[in-house]
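*Asks:* no sequence for this one, just the structure:
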DNA sequence: ATCGTTTTTGCAATCTGATTGCATGTTTAG
DNA sequence: CTAAACATGCAATCAGATTGCAAAAACGAT
């Protein structure tokens, strides 16, 4: 049940640095929210954008965050919840993108349904992205 | 049942140009295959990359092709089949990406299952991307 | 706490794909 | 066939991603 940034980094044998702590903390503070590199850069003036870039690579490799594909070509990242609850498999949930506010979030509690693929094909990962209007914007 | 490039362009009120014809023809010749701009550029030396770029924008706006999101940030495009069979809704099929050959294809005959989203959310589009190994590479 | 090793960071530079402005060429309706 | 509308090529720019390298920070062992 690692819910603080430091424990998360430690559990993955990543060195504890201020930048990593702040980035992970931001993900924790915005549970289920996804952010692109640029958004993370503006969080704090303290870090170079290359540092944020490399921080995201580290977090990605460690499985702390996952990457969410989208049509714009700008990568988005969200916290993976594997370490919180092993039943939740980090890349098998739905990603939701609001057409109005543009926010991308992970719908952790909404599983990806069974997907049928043609005979002879092997499935290894499913990525389900839903576009629509979120609760806030739909009011 | 428009199966030739010219009819497709005409049906969408797009002007008939050589570049558009060649690009659409390539999509027709490679049914269900997805291509990035770069791949389309190398098809023919005849066109500037900006022309291919703008051709794709035109085809996209006309609904002749659709864009497939991926993690790399390089946009991929595939033919939409709306005009062939109105029962097939162009963005509701599965996109498959082979981890070995890298090829992206549309699984036209494999529909996206029903997706449940939280109460209060509105769904407008579903994009399902499956990573795995394709028939060819799996042999 | 300090040392030495290993890793991370900042900066500058580069790369690649996406995008725009403008002058010229092509398409199409009449 | 002509004029208006639109598409193309070229050059230039932009933005995000990525790398090299030297300086700084983290960490295990003393």
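*Replies:* It's in. Quick caveat: nothing in here was measured; it's all calculated off a predicted structure. Residues are numbered from 1 along each chain as shown, chains lettered A, B, ... in the order given.

*Asks:* so what pLDDT did the spatially most central residue of chain A get?
*Replies:* Compute the mean C-alpha point of chain A, and by CA atoms, centre = their mean the closest residue is residue A:78, 1.2 Å away. On the pLDDT scale, residue A:78 is placed at 95.

*Asks:* secondary structure element holding it?
*Replies:* Using DSSP states H and E, residue A:78 maps to strand A:76-79.

*Asks:* repeat for residue A:8
*Replies:* Per DSSP H and E: helix A:5-11 holds residue A:8.

*Asks:* so where's chain A shaky on pLDDT?
*Replies:* A:1-2, A:82-91 (pLDDT under 70).

*Asks:* and the strands in it?
*Replies:* Ranges of strands within chain A are A:33-36, A:65-68, A:76-79, A:93-98, A:104-111, A:122-133, based on DSSP state E.

*Asks:* do the helix holding residue A:8 and DNA strand C meet?
*Replies:* No - if you take CB under 7 Å from any atom of the strand as the test, helix A:5-11 misses DNA strand C, and the best it gets is 9.2 Å. In this view, the C-beta of every residue, glycine as well, is placed from N, C-alpha and C.

*Asks:* from the contact counts, what lies against that helix?
*Replies:* Here helix A:5-11 touches helix A:18-29, going by 3 or more CB pairs under 8 Å, 6 or more residues apart in numbering or on different chains; DSSP states H and E.

*Asks:* who in chain A is up against chain B?
*Replies:* A:67-71, A:73-75, A:94, A:96, A:99, A:107, A:109-110, A:113-118, A:120-135, A:138 (CB under 8 Å from any CB of the partner chain).

*Asks:* wait, does the strand holding residue A:78 make contact with DNA strand D?
*Replies:* No - applying CB under 7 Å from any atom of the strand, one finds strand A:76-79 separated from DNA strand D by no less than 8.8 Å.

*Asks:* same thing with stretch A:97-116?
*Replies:* No - using CB under 7 Å from any atom of the strand, stretch A:97-116 stays clear of DNA strand D, coming no nearer than 13.1 Å.

*Asks:* buried residues, the longest helix seen in chain A. List them.
*Replies:* The longest helix of chain A (DSSP state H) is helix A:49-62. Across helix A:49-62, burial judged by 16 or more other CB atoms under 10 Å in any protein chain shown covers A:51-52, A:55-56, A:58-59, A:62.

*Asks:* residues making contact with that helix?
*Replies:* The contact list for helix A:49-62, computed with CB atoms under 8 Å, 6 or more residues apart in numbering or on different chains, reads A:12-14, A:19-20, A:23-24, A:37, A:40-41, A:47, A:65-67, A:77.

*Asks:* quick one: which of these has the most company?
*Replies:* Tallying neighbours with other CB atoms under 10 Å in any protein chain shown puts residue A:23 at the head of the contacts of helix A:49-62, with 26 neighbours.

*Asks:* from residue B:76, how far off is the residue nearest to that one when sequence neighbours are not counted?
*Replies:* What sits nearest to residue A:23 in space, not counting adjacent residues and going by CB to CB, 6 or more residues apart in numbering or on different chains, is residue A:55, at 5.3 Å. Going from residue A:55 to residue B:76 by CB to CB, to the nearest Å gives 28 Å.

*Asks:* what of residue A:105?
*Replies:* The value you get for residue A:105 to residue B:76, if CB to CB is used, is 24 Å.

*Asks:* between those two, which is the more surrounded one?
*Replies:* Legend: neighbour count by other CB under 10 Å for residue A:105 and residue B:76, higher for residue B:76 (23 against 20).

*Asks:* quick one: contacts for the more buried one?
*Replies:* Residue B:76 touches B:34-36, B:67-68, B:70, B:104, counting by CB under 8 Å, 6+ apart.

*Asks:* adding distance to residue B:7, write the buried residues of helix A:49-62 out as CSV.
*Replies:* As requested, those are exported to CSV (distance: CB to CB, whole Å):
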residue, distance to residue B:7
A:51, 53
A:52, 49
A:55, 51
A:56, 46
A:58, 52
A:59, 50
A:62, 52
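
*Asks:* strands paired with the strand holding residue A:78, and their directions?
*Replies:* strand A:33-36 (antiparallel), strand A:65-68 (antiparallel) (DSSP bridges).
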